[in-house]
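> Below are the sequence and a predicted model; questions follow.
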Amino acid sequence: MLRLRTVAWGNLAGFVTFAMMSTVIFFSTLYLQQVRGYSPLKTGLIFGVLGVAGALGGTLAPKAVGRFGARKVPAGLIVQGSLTALIATLGGGNGVLLILVAGAVASFGHLHAVVSYGVAATSGLPDCEQGLAAGLVTSAQQIGVATGIPLLSALASARIAGLRAVGHPFAAATLGGLKLGLAADAGVVLAVALLVAVYLRPPRRAAMGHRFFLRQTSNRYQRRQEMSNSTVGDAAIAVVRRNTEEVPGQGNWDLYEELFADDFVDHTPQPGETPGKDGVRALYMSLHAAFPDFRPEIHWQVAAGDLVTTYKTYYGTHQGEFLGIPATGKKIRFYTVDAMRVVNGKITEHWGVATLLDLMQQLGAIPPLGGAR
């Protein structure tokens, strides 16, 4: 499967965008707290701007992929890399503004790359290989998050130690190390963007399949010309909203069977879950068992034809085991941006990104990043 360029280069892009963007967030946290002396609360409020930008990127990315194709992965990487390079110029006086503005745009590019690589790495494959392809997508994400920060932190730490050794103050040495790490981060992202732009060429058979898909999609929309786009979108939004509010929130498993198609495919399954209908049911049940008062808050939904993008927050109280973590009694919340395709009243496909790292930190399974001097 990795011999297919769309799979190999798509997953490389996914690995790099997660590895490098997580490092940007971590280094920005260190800058705000250790160089500028900001409190964790003030730092968290600043990062809220980046979260909004990321959500916006996740909303617009499916539309861009649908219009231009998944080979536009380099566009998101170029935005992420270019703005990371700008952040690398931060200093004692301009750093906060750079993080707010350049960081927000970099987050937008990152989410565009995430959605694009997920589609690229799972397109043009037979149904029997979709599960493995989705697993590779998830693995690229998890490995990227786990390796980016340690590797670039080692580079930054070496620079900090060198500057301290020649008499630089702690804050100045830390700033020098962070700038070197961010510059290296930007260089890696831009180099991979160039490679992906050159080599992300789907094989002829996959390309023919993609063109056939586009023709079929176009024909389907032409047949629906008498029905307004708003009507199609409203109907799809209603299905997705009903699933969000009543299935994981209220544990209505009969409704789950009604709303999800038997050939449903989850293109971004959680680790350990299958990419089909049974996998999502198992995830919903585990969430409902671990957080009996699990409830969603939908902030907004938009539809592009039969594809619905939703930005929402989930809340709950940890009263049962979740991902091996015993009940803590803690109240939690995490955010998700996902896209669901609805065909004939049934949910047939799903792509999503969730702040599970933040959830693990709330449950005490992972220590907060940048919290200690």
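Okay, I see it.
> can you give me the offset of the top helix by length along the chain from its chain's centre?
The single longest helix within the chain, with elements called by DSSP state H, is helix 130-165. Taking the mean of its C-alpha atoms, helix 130-165 sits 16 Å from the chain's own mean (Cα atoms, centre = their mean, to the nearest Å).
> Equivalent analysis for stretch 329-342, please.
Centroid separation for stretch 329-342 versus its chain: 12 Å, with Cα atoms, centre = their mean.
> buried stuff in it?
Buried residues in stretch 329-342, defined by neighbour count with 16 or more other Cβ atoms under 10 Å: 332, 334, 335, 336, 337, 338, 339, 340, 341, 342. All C-beta spots, glycine's among them, are computed from the backbone N, C-alpha and C.
> okay if I get these as a markdown table plus distance to residue 143 and pLDDT?
Formatted as a markdown table, the buried residues of stretch 329-342 follow (distance: Cβ to Cβ, whole Å; pLDDT from 0 to 100):
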| residue | distance to residue 143 | pLDDT |
| --- | --- | --- |
| 332 | 25 | 91 |
| 334 | 21 | 89 |
| 335 | 22 | 90 |
| 336 | 21 | 91 |
| 337 | 21 | 92 |
| 338 | 22 | 92 |
| 339 | 23 | 93 |
| 340 | 26 | 95 |
| 341 | 28 | 94 |
| 342 | 32 | 93 |
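> Just the terminal-to-terminal distance for stretch 318-334.
Stretch 318-334 has an end-to-end distance of 13 Å (criterion: Cα to Cα, to the nearest Å).
> Pull the residues that contact that stretch.
286-287, 289-292, 313-317, 354-356, 358-360, 362-365 (Cβ atoms under 8 Å, 6 or more residues apart in numbering).
> can you give me the strands in this protein?
Residue ranges of the strands in the chain, as given by DSSP state E, are 260-266, 295-304, 307-317, 331-343, 346-354.
> need the ones you listed in CSV with distance to residue 36, can you?
Output for these, formatted as CSV (distance: least, Cβ to Cβ, whole Å):
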stretch, distance to residue 36
strand 260-266, 41
strand 295-304, 30
strand 307-317, 29
strand 331-343, 26
strand 346-354, 29
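> where does this protein dip in pLDDT?
Counting by pLDDT under 70, the chain contains low-confidence ranges at 1-3, 49-50, 53-54, 56-73, 92-94, 124-128, 201-230, 369-373.
> all helices of it, in order?
5-30, 40-68, 73-87, 95-120, 130-165, 170-199, 204-223, 229-246, 253-259, 277-290, 356-362.
> Mind listing what's buried along the longest one?
Okay, so that is helix 130-165. Within helix 130-165, the residues that qualify as buried are 130-131, 133-134, 136-138, 140-141, 144-145, 148-149, 152-153, 156, 159-160, 163-164, counting by 16+ other Cβ under 10 Å.
> closest one to residue 346 among the helices of the chain?
The stretch from the helices of the chain with the least distance to residue 346 (Cβ to Cβ) is helix 253-259; that distance is 6.7 Å.
> residues making contact with the closest one?
239, 242, 243, 246, 247, 281, 284, 285, 345, 346, 347.
> if we go to 10 Å?
Residues lying outside helix 253-259 but in contact with it, judged by Cβ atoms under 10 Å, 6 or more residues apart in numbering, are 239-240, 242-243, 246-248, 252, 277, 280-281, 284-285, 288, 340, 342, 345-347.
> Would you mind writing the PyMOL command to select the buried ones in the residues you listed?
To isolate the buried ones among the contacts of helix 253-259 in PyMOL, judged by 16+ other Cβ under 10 Å, type:
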select buried, resi 239+240+243+246+247+248+252+277+280+281+284+288+340+342+347
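> CA atoms only: put stretch 177-190 into PDB for me.
This file holds the C-alpha atoms of stretch 177-190, laid out as PDB (Å, rounded to 0.1, in the frame of the first residue of the first chain):
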ATOM      1  CA  GLY A 177      17.100  28.200  21.800                       C
ATOM      2  CA  LEU A 178      13.500  28.600  21.000                       C
ATOM      3  CA  LYS A 179      14.200  30.600  17.900                       C
ATOM      4  CA  LEU A 180      16.700  28.000  16.600                       C
ATOM      5  CA  GLY A 181      14.100  25.300  17.200                       C
ATOM      6  CA  LEU A 182      11.400  27.200  15.400                       C
ATOM      7  CA  ALA A 183      13.600  28.000  12.500                       C
ATOM      8  CA  ALA A 184      14.400  24.200  12.100                       C
ATOM      9  CA  ASP A 185      10.700  23.400  12.500                       C
ATOM     10  CA  ALA A 186       9.900  25.800   9.600                       C
ATOM     11  CA  GLY A 187      12.700  24.400   7.400                       C
ATOM     12  CA  VAL A 188      11.400  20.900   7.800                       C
ATOM     13  CA  VAL A 189       7.800  21.800   7.000                       C
ATOM     14  CA  LEU A 190       8.700  23.800   3.900                       C
END
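> thinking again about what came up before, turn the helices of the chain into CSV, including distance to residue 308.
Formatted as CSV, the entries for the helices of the chain read as follows, by distance: least, Cβ to Cβ, whole Å:
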stretch, distance to residue 308
helix 5-30, 23
helix 40-68, 9
helix 73-87, 21
helix 95-120, 14
helix 130-165, 20
helix 170-199, 28
helix 204-223, 16
helix 229-246, 5
helix 253-259, 12
helix 277-290, 16
helix 356-362, 22
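> nearest to residue 266, of those helices?
Smallest distance to residue 266 across those (Cβ to Cβ): 5.7 Å, for helix 277-290.
> Now do the closest one: distance to the chain's middle.
Centre-to-centre, helix 277-290 and its host chain are 20 Å apart (Cα atoms, centre = their mean).
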